[in-house]
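**Student:** Predicted model follows, preceded by the sequence.
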Amino acid sequence: MKPSGEAAAAAAPGAGPWDECFEAAVQLALRAGQIIRKALTEEKRVSTKTSAADLVTETDHLVENLIISELRKRFPSHRFIAEEAAASGAKCVLTRSPTWIIDPIDGTCNFVHRFPTVAVSIGFAVHQELEFGVIYHCTEERLYTGRRGRGAFCNSQRLQVSRETDLSKALVLTEIGPKRDPATLKLFLSNMERLLHAKAHGVRVIGSSTLALCHLASGAADAYYQFGLHCWDLAAATVIIREAGGIVMDTSGGPLDLMSCRVVAAGTREMAMLIAQALQTINYGRDDEK
Ligand SMILES: O=P(O)(O)O[C@H]1[C@H](O)[C@@H](O)[C@H](O)[C@H](O)[C@@H]1O
Ligand SMILES: [Mg+2]
Ligand SMILES: [Mg+2]
C-alpha cells in the first residue's frame, strides 16, 4: 500500500506538539524516497569515507542537502546532526534545542550495488529527548513512524515487538560496521558465533541498520545489536522501537547512549540482557568525540 503523509498523520491522531515538524519529516522522507528510488537504477559516483566499505554517493549529499535546506526554511532556529555533514567535519552535539538527526540514505553500500534495501531516516529530539522518528523504506514504499507516547506504525498498521524471551527461539539482526581490520572482524564473527552457540534460530545482516531496527519494531525479529553504527542510524529507529513496546539500550546493559556508536535492542528486556551478556565490545569511539 502506498504510504501517504495523511496516513501517517492519521495513524497518530490528535493534535500535539511538533505536529508541524512531524508532518514536514513525513513529506520530506517520501520526497527523498522518490529521488533515491530513481537514482538506485542509475550510474553513481561513489566515494569512500572511513574505510573502503564505508561508501557515499552524490545522492546521499543531494538528499541530505534537500532535507536540511527545506527544514531550515521552515524552522530556522532548529539544529541539525546529519551523516554527510558530520563526515565533512560538522560536530555531533545534541543540545536542548530542537534537533533533527538525519541519515539521508541508510544502506548506501546496498544502494551502490542496486540491492533494494535502502531507507531515509529522520529523527527529531527536543531537550535532548527523542520526540519522533520517520524511516522510509524507499523501494518497498513502507513508511515507519513513531511519536513519543503515541505509538509506532508502518503505513497505517500499528507496530508491536516480539515478546520472545528465549534466545534459543530468537531471530537476531546485526550489521557489520565500517571497520574491516583483522582484530575487528575477529570480534564481529566471535559475537555472531556466541549467539549461534546459544542456539539462536539465526543471525541476519541486511545492510541497513535502520531497516533492521524497523523489522525488530514490527516483530519480524527478536533482537538487534551493533558496534559501529551512529546517532543518525539510531535516533528515528529508537522512537519507533520504544513506541512498539521494545527496549533500546547500551551494549553494557545500561541506558542507551545515542552517541556511543553501539546498541542492543529487543522486544523484551530479558532478551536484550541475554544479547548484551553474550557480546564482546568492539570500540568505535563516539559520534560526539570525532
Ligand atoms: O552508511 P549508511 O548510512 O549506509 O549506514 C550503515 C553504516 O554505515 C554501517 O556501518 C552499518 O553497518 C549499517 O549498514 C548502516 O546502515
Ligand atoms: Mg547513510
Ligand atoms: Mg546509516
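**Tutor:** Received it, and whenever you're ready, just let me know what you need. Ligands and ions are numbered 1, 2, ... in the order given.
**Student:** Buried ones in the longest helix along the chain, by neighbour count?
**Tutor:** Among the segments of the chain that qualify as a helix by DSSP state H, the longest is helix 19-40. For helix 19-40, the neighbour count (16 or more other C-beta atoms under 10 Å) marks 21-22, 24-33, 35-36, 39-40 as buried. Any C-beta I mention is one placed from the backbone N, CA and C, and that applies to glycine too.
**Student:** List the contacts of the one residue in the stretch 151-290 of the chain that gets nearest to ligand 3.
**Tutor:** Closest residue of the stretch 151-290 of the chain to ligand 3, C-beta to the ion: residue 233 (4.3 Å). Contacts for residue 233 were tallied using C-beta atoms under 8 Å, 6 or more residues apart in numbering; they are 103, 106, 121, 209, 210, 213.
**Student:** Tell me which of these fall in helices.
**Tutor:** Short answer: these in helices (DSSP H) are 209, 210, 213.
**Student:** pretty sure residue 279 contacts residue 226?
**Tutor:** No. Using C-beta atoms under 8 Å, residue 279 is not in contact with residue 226; the gap is 9.9 Å.
**Student:** How about the closest residue to ligand 2 within the stretch 151-290 of the chain: what's its closest non-neighbour residue?
**Tutor:** Residue of the stretch 151-290 of the chain nearest ligand 2, by C-beta to the ion: residue 232 (6.9 Å). Closest residue in space to residue 232, ignoring its immediate chain neighbours: residue 103 at 4.0 Å, by C-beta to C-beta, 6 or more residues apart in numbering.
**Student:** residue contacts, that neighbour?
**Tutor:** The neighbours of residue 103, taking C-beta under 8 Å, 6+ apart as the test, are 82, 83, 119, 120, 121, 210, 230, 232, 233.
**Student:** What is the nearest of those residues to residue 179?
**Tutor:** Using C-beta to C-beta, residue 230 comes nearest to residue 179 of those, at 13.0 Å.
**Student:** Let me see the contact set for that closest one.
**Tutor:** Going by C-beta under 8 Å, 6+ apart, residue 230 touches 83, 86, 103, 261, 287.
**Student:** Then residue 24?
**Tutor:** Counting by C-beta under 8 Å, 6+ apart, residue 24 makes contact with 70, 71, 74, 75.
**Student:** Same question for the second one, what's its three-state structure.
**Tutor:** Residue 71 carries the three-state label helix when classified by DSSP: H, G, I helix; E, B strand; the rest coil.
**Student:** does it really touch residue 98, like I thought?
**Tutor:** No. Assessed by C-beta under 8 Å, residue 71 is found out of contact with residue 98, at 10.0 Å.
**Student:** Give me the common contacts of these two.
**Tutor:** Going by C-beta under 8 Å, 6+ apart, residues that sit against residue 71 and also against residue 98 are residue 78.
**Student:** And those two? Which one has more around it.
**Tutor:** Neighbour count, other C-beta atoms under 10 Å: between residue 71 and residue 98, residue 71 has more, with 20 against 16.
**Student:** Let me see the contact set for the more buried one.
**Tutor:** With contact set as C-beta under 8 Å, 6+ apart, residue 71 has these partners: 24, 28, 78, 80, 100.
**Student:** Kindly present these as TSV, with separate columns for pLDDT and distance to ligand 3.
**Tutor:** Converted to TSV, the contacts of residue 71 look like this (pLDDT from 0 to 100; distance: C-beta to the ion, whole Å):
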residue	pLDDT	distance to ligand 3
24	98	21
28	98	17
78	98	21
80	98	16
100	98	15
